[in-house]
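1. Compute the structure for the input listed below.
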Amino acid sequence: MAPNRPEDLNAIFARACNAGDLATLLSLYERDAKLVARSGEVLVGHNAIEGFLRRLVRLVRLGGTFNSRTVFCLVQGDTALHVADWSVTAGRSEEGNPVDLAARSAEVLCRQADGTWKLRLDHPFVYQR
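-> Sure, this is the predicted structure:
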């Protein structure tokens, strides 16, 4: 379920992440999208991005909550620049250690032929708090 407006991305992403809905999360990305992992590695395409999203969902499902808030969204034609503050609070790592993760992301979304918006570029760790 891709958003009809780019500023709706956060709500859909957070709902899917908290529900453990990997299919919806992945559907928010174009097939050849790029995502910058926390390590700085650039992940390209659904197969690579799916692994990142799977780890995020696992972190949240171990007792955390994913939250996201739009800082701003700038739209020009069929392209949008979206910046958000997001966090995973009260989570646990697979080893059982507490996790509190907070960062600012920057994304480029593109309008699709059906009028919905999908992520083309995603940098979830532009700034970590």
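2. CA atoms for contacts and neighbours, from now on please.
-> OK.
3. Poorly predicted segments of this structure, please.
-> 90-94, 99, 129 (pLDDT under 70).
4. The nearest residue to residue 84 once chain neighbours are set aside: neighbour count?
-> Excluding the flanking residues, the one nearest residue 84 by C-alpha to C-alpha, 6 or more residues apart in numbering is residue 70, at 4.3 Å. Neighbours of residue 70 under the rule other C-alpha atoms under 10 Å: 17.
5. ok, residue 70 - contacts?
-> 7, 10, 82-85 (C-alpha atoms under 8 Å, 6 or more residues apart in numbering).
6. would you say it is within a strand?
-> Yes - assessed with DSSP: H, G, I helix; E, B strand; the rest coil, residue 70 lies in a strand.
7. which element is the nearest residue to residue 68 once chain neighbours are set aside on?
-> Spatial nearest neighbour of residue 68, excluding adjacent residues (C-alpha to C-alpha, 6+ apart): residue 86 at 4.1 Å. Per DSSP states H and E: residue 86 is located in strand 79-92.
8. That strand pairs with which strands, parallel or anti?
-> strand 65-76 (antiparallel), strand 98-111 (antiparallel) (DSSP bridges).
9. Let me know which of the ones you listed is tucked in deepest.
-> strand 98-111 (a mean of 19; mean count of other C-alpha atoms under 10 Å).
10. max-length helix in the protein?
-> Longest helix in the chain, counting residues (DSSP state H): helix 45-61.
11. I'd say the residue nearest to residue 68 and residue 105 touch.
-> Yes - contact criterion C-alpha atoms under 8 Å: residue 86 and residue 105 qualify, at 7.4 Å.
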